[in-house]
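Student: below are the sequence and a predicted model; questions follow.
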Amino acid sequence: MPATLQEILLTPDTKPKVIADCHTLIEQEISDKSGISGVTVKLAYKTVSTFAPGHINHMVKSLLPDIVDKLQPYWADFNASGGSEFGDYLAKRGEEVSEALLSVTDARAAASSRPTIIKAYRTARGSAVKHVEAALPHVGELVLKYAG
C-alpha cells in the first residue's frame, strides 16, 4: 500500500523542505494574480506580512498537518486510480478540493483573536476558491516532488 501523505510530507527531515516549498508556492501564486480579486489577495497578503511579520510562515508550519490530512483522501484515491499527475487529479476536483483545503483556514480564522488578520482573511475569502483551484496543479506537483 502506498505511503500516506503524512508519512511522506511530515517526517522531520522532509517537513522543513515542504514548508519552504509551500511558502514559495504561496508567494508565486500571489505574484501571478491580476484583476480586482488579485489586487484584493495581494493587499491582504501585504497587510498580514506588514502587521505580522513571519505570520505567513508560521501559519504554513501550523496548518500543514491539517492541509495534509485534507489532501490524504484525494491522495489515496489518486493512487488507487493509477494516475500519474496528482495536480491534474486535484484540478479535476477543483471546487471540492479547494473547499476542503479552505475549511482549514476558515477554522483558523474563526479562532483568531487578531482583528487585522481576520479582516484580511475575510476580504480575500470571497475569491479564495477560485485562487486555490488555480493553484491545485502546483500543489499536486509539490506533493509529487516528495512522493514521486
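Tutor: It's in. Here the structure is a predicted model, which means the values were calculated and not measured.
Student: pull the longest helix from the protein.
Tutor: Among the segments of the chain that qualify as a helix by DSSP state H, the longest is helix 55-81.
Student: just the buried residues of the helix or strand following that helix, please?
Tutor: Once helix 55-81 ends, the next helix or strand along the chain (criterion: DSSP states H and E) is helix 86-92. Buried residues in helix 86-92, defined by neighbour count with 16 or more other C-beta atoms under 10 Å: 86, 87, 89, 90, 91. For every residue, glycine as well, the C-beta is placed using N, CA and C.
Student: dump helix 86-92 to PDB, restricted to CA.
Tutor: Taking Å, rounded to 0.1, in the frame of the first residue of the first chain, the C-alpha atoms of helix 86-92 are listed here in PDB:
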ATOM      1  CA  PHE A  86      -1.600  14.500  -8.900                       C
ATOM      2  CA  GLY A  87      -2.000  18.100  -9.900                       C
ATOM      3  CA  ASP A  88      -4.300  17.100 -12.800                       C
ATOM      4  CA  TYR A  89      -6.300  14.800 -10.400                       C
ATOM      5  CA  LEU A  90      -6.800  17.700  -8.000                       C
ATOM      6  CA  ALA A  91      -7.700  20.200 -10.700                       C
ATOM      7  CA  LYS A  92     -10.400  17.900 -12.000                       C
END
